[in-house]
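# sequence first, predicted model second:
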Amino acid sequence: MQPAPLMTPRREPAILALAPMQNVTDLPFLRTLQRLNCLPDFIVTPYLRSSATSCVMPDSIIRCITENPTSCPVWVQLAGSEVGPLLRDVETLRKFPIAGINLNAGCPAPLVNRRGAGAALLKNPAHLRSICRAMRNAIAPGCWSIKCRLGWESAEEFPQILEAIADGAPDLFIVHARTRRQLYAEIPDDAAVRLAVQRVSCPVLANGDISSRADAEHRLLSTQARGIMIGRGIVRNPYLLRELRGGTPPSQDEMLLYYTTLLEETGRELSHPSPAAHCNRMKKFLAYCYRDFSPQTEYNLRRCTSPSEMEELLLLPSRREINPCTPEQTH
Ligand SMILES: Cc1cc2nc3c(=O)[nH]c(=O)nc-3n(C[C@H](O)[C@H](O)[C@H](O)COP(=O)(O)O)c2cc1C
């Protein structure tokens, strides 16, 4: 018997969102998801950097909005540290066909944090509160969301952060349940997500380390969240979305179709086309897939500089050990 779509503990269909991943969840990846018919309920773009002087709007991100190849609503993410520039950029983004604006309060990249943005916003809940309030006032109902971590140093910071966010009344709240200090290590803290669910009135999505249906079911049960957001698990196995909607896990042939489609789509979008550049672009995705290959194939893929050789490596079943449904961490 085919399993049912993923449901929340309250028997509502779980919301399934694609996590933003800078230089990964780009137009070629979205086109690949569309071609495989594996689509989330919505997409959040990687962040646009909102600085005092301008909003950095890379073509690769803006085109995910203007040329969105999927039927999925797209939320655009801003990473900034000051109310003025953020509101200026909210205004600029009004002309784009977006579902809403998402504030990045979780990015751990030093370049972003040095400017007070991303996870650095969590260091000062009073300042975060003023940003959240200003965003709430500037953005239409239904269109303001935030994605955060639990704190800068420790999850003990989270209750105060949660108060600041709740004060800004977001319409959607995504929690990557780790601190900035934890980066991608340690198990996400489900109790913290549960606290968020109890505190805010909007839907809360749990994010972090979901790579199988069993992971998703477990996280929904223990967090009571309204849905989940997945990044690396979908890059490793986009058919996970299909499975979470009650479909079948991928066959080996379908995984091969994924790799070849991605190879084709990344090739179409190279700004400086060369065989090595094409392979390097593919390696950004393969970084989350290597565990599904034998050590020798992984070694060869990592060193590969020719797309045709790469395709051969990806396709030769005798050299592969694809098992994308292993419920393990994907980083
Ligand atoms: C390469 C990479 C790029 C990322 N870029 C962003 C980003 O632009 N904005 C953001 O909010 N999170 C970003 N993240 C974090 C993911 O959205 C997500 O929170 C994190 O990977 C945990 O979820 P996962 O285990 O499902 O991947 C990035 C993560 C990775 C690995």
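That came through, no problem. Numbering: from 1, shown residues only.
# drop to CA atoms for contacts and neighbour counts, all remaining ones
OK.
# please report phi then psi for Gly231.
Dihedral pair for Gly231: phi -110, psi -80, per degrees, to the nearest 10.
# how many neighbours does the nearest residue to it once chain neighbours are set aside have?
Among residues not flanking Gly231 along the chain, Ala19 sits closest, at 4.5 Å (CA to CA, 6 or more residues apart in numbering). When counting by other CA atoms under 10 Å, one arrives at 24 neighbours for Ala19.
# ok, Glu12 next?
The number of residues packed near Glu12 is 12, by other CA under 10 Å.
# can you check the one 10 residues further on too?
Gln22: 13 surrounding residues under other CA under 10 Å.
# for it, give its distance to Thr45.
Plainly put, Gln22 is 8 Å away from Thr45 if you go by CA to CA, to the nearest Å.
# with Ile210 instead?
For Ile210, the distance to Thr45 - CA to CA - is 19 Å.
# hang on, the residue nearest to Gly231 packs against Met229?
Yes - Ala19 lies in contact with Met229 (CA atoms under 8 Å); the separation is 5.6 Å.
# just the helices in the stretch 51-200 of the chain please.
59-66, 83-93, 110-113, 125-138, 158-167, 190-199 (DSSP state H, counting those that start in this stretch).
# CSV for those helices, including distance to Glu243, mean neighbour count and mean pLDDT?
Shown next, in CSV, are the helices of the stretch 51-200 of the chain (distance: least, CA to CA, whole Å; neighbours: other CA atoms under 10 Å; pLDDT from 0 to 100):
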stretch, distance to Glu243, mean neighbour count, mean pLDDT
helix 59-66, 25, 18, 97
helix 83-93, 34, 17, 98
helix 110-113, 35, 15, 97
helix 125-138, 35, 19, 98
helix 158-167, 32, 20, 98
helix 190-199, 23, 20, 98
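# out of those helices, which is closest to Ser271?
helix 59-66 (9.9 Å; CA to CA).
# who in the protein is up against the ligand?
Listed as neighbours of the ligand in the chain under the rule CA under 6 Å from any ligand atom: 19-22, 46-47, 104, 107, 176, 207-210, 230-233.
# and Arg291, which of the three is it?
helix (DSSP: H, G, I helix; E, B strand; the rest coil).
# for it, what are its contacts?
When contacts are counted by CA atoms under 8 Å, 6 or more residues apart in numbering, Arg291 is found next to Glu298.
# cool, the one 4 residues further on as well?
The neighbourhood of Pro295, defined by CA under 8 Å, 6+ apart, contains no residues.
# can I see the domain layout of this structure?
As given by automatic domain parsing, the domain ranges for the chain are 15-244, 252-319.
# re earlier: tabulate the helices of the stretch 51-200 of the chain in CSV, adding columns for distance to Asp26.
CSV is the format used below for the helices of the stretch 51-200 of the chain (distance: least, CA to CA, whole Å):
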stretch, distance to Asp26
helix 59-66, 6
helix 83-93, 18
helix 110-113, 20
helix 125-138, 26
helix 158-167, 28
helix 190-199, 28
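# if we can go back for a sec, deepest in the core, which of the domains of the chain is it.
Stretch with highest mean neighbour count among those: domain 15-244 (a mean of 20; mean count of other CA atoms under 10 Å).
# quick check, Leu48 in a strand?
Yes - secondary structure of Leu48 (three-state DSSP): part of a strand.
# which parts of the stretch 201-331 of the chain are helices?
With DSSP H, counting those that start in this stretch, the ranges of helices along the stretch 201-331 of the chain come out as 213-223, 232-236, 239-244, 252-268, 275-286, 295-303, 307-315.
# lowest average pLDDT across the domains of the chain?
Note on these: domain 252-319 shows the lowest mean pLDDT, a mean of 93.
# how distant is that domain from the center of its chain?
21 Å (CA atoms, centre = their mean, to the nearest Å).
# for Val200, give me its contacts.
Neighbouring residues of Val200 by CA under 8 Å, 6+ apart: Ala166, Ala169.
# separation between it and Asp171?
Applying CA to CA, the value for Val200 to Asp171 is 9 Å.
# what do you get for Tyr299?
45 Å.
# got it, and Leu18?
According to CA to CA, Leu18 stands 17 Å off from Asp171.
# how close does the closest residue to Ser222 other than its chain neighbours sit to the ligand?
Counting by CA to CA, 6+ apart, Asp190 is the residue found nearest to Ser222 once chain neighbours are left out, at 6.2 Å. Distance, Asp190 to the ligand, using CA to the nearest ligand atom, to the nearest Å: 13 Å.
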